[in-house]
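Undergrad: coords please:
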Amino acid sequence: MVSLTNPVTAQNVVDRYADYVVATANSSIVWGTNAAPFPAFATSYFGGATSGKSIGINGGAIDNNVNKIDASEINDVLATETAAYSSIRKLNAKLNYTGTGDGAGGAGNTGTWAGAPGINFNQTQVAYMNNQYLQSLSGTTALVAGNVVDDAVLESKFDALRTVYTNARNNIQTVQVDVCHSSCHSSCHGSRGRR
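TA: Here you go, the predicted model:
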């Protein structure tokens, strides 16, 4: 955990912000490019691995390129950076079997993902979704130009950004994958590639 220094530097502000928003966003991610809910769930839904998203800014982004920390830059840059994490959110993943067998009269709903027709997997976990699932964020109080911005004011701002992100993280996105039967991808579709 980073402490704000005296005098504060732009990079120090960004590093402390990361303790609030980035650390929260990257915690407890269950699904990503390296861990799908089930085999038929395409990894293209994901924007990264369960290790999370790296911070996309540094101190230069908020010092207005003149080595002077600027309230409007802090507001704009940190709000934009927070929104970049909004695709790390809760995902309700569903696997739906649409058929009763393998299409040839056999019992296709067998094996690891055996089950009757209908929804056979239905879980909600935190996932690192791709940019299609970014959300609009709003609701934090802006730092005001001309006012003294001390460590308490900055940490209040970071806390507000974390709260806005956390609220967005809890917006559940549902993705349902329909397959004809449980062994569909491992047998039927796999064998088509060998023909």
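
Undergrad: Give me the phi and psi angles of the most centrally placed residue in the chain.
TA: For the chain, the residue nearest the mean C-alpha position is I88 (1.0 Å; C-alpha atoms, centre = their mean). I88 has phi and psi values of phi -90, psi 100 when expressed as degrees, to the nearest 10.

Undergrad: which ones are touching it?
TA: I88 makes contact with 25-26, 29, 47, 52-53, 126-129, 169, according to C-beta atoms under 8 Å, 6 or more residues apart in numbering. Yep, even glycine has a C-beta here, placed from its N, CA and C like the rest.

Undergrad: Relative to S28, how far out is it?
TA: Counting by C-beta to C-beta, to the nearest Å, the separation of I88 from S28 is 10 Å.

Undergrad: Quick check: neighbours shared by those two?
TA: Common contact partners of I88 and S28 (C-beta under 8 Å, 6+ apart): V126.

Undergrad: follow-up on the earlier one: bridged to the residue nearest to the centre of the chain, which residues?
TA: Beta-bridge pairing for I88 (DSSP bridges): Y128.

Undergrad: Just confirm A23 is within a helix.
TA: Yes: using DSSP: H, G, I helix; E, B strand; the rest coil, the secondary structure at A23 is a helix.

Undergrad: re the thing from before, and which of the contacts of I88 is nearest to P39?
TA: A127 (15.9 Å; C-beta to C-beta).
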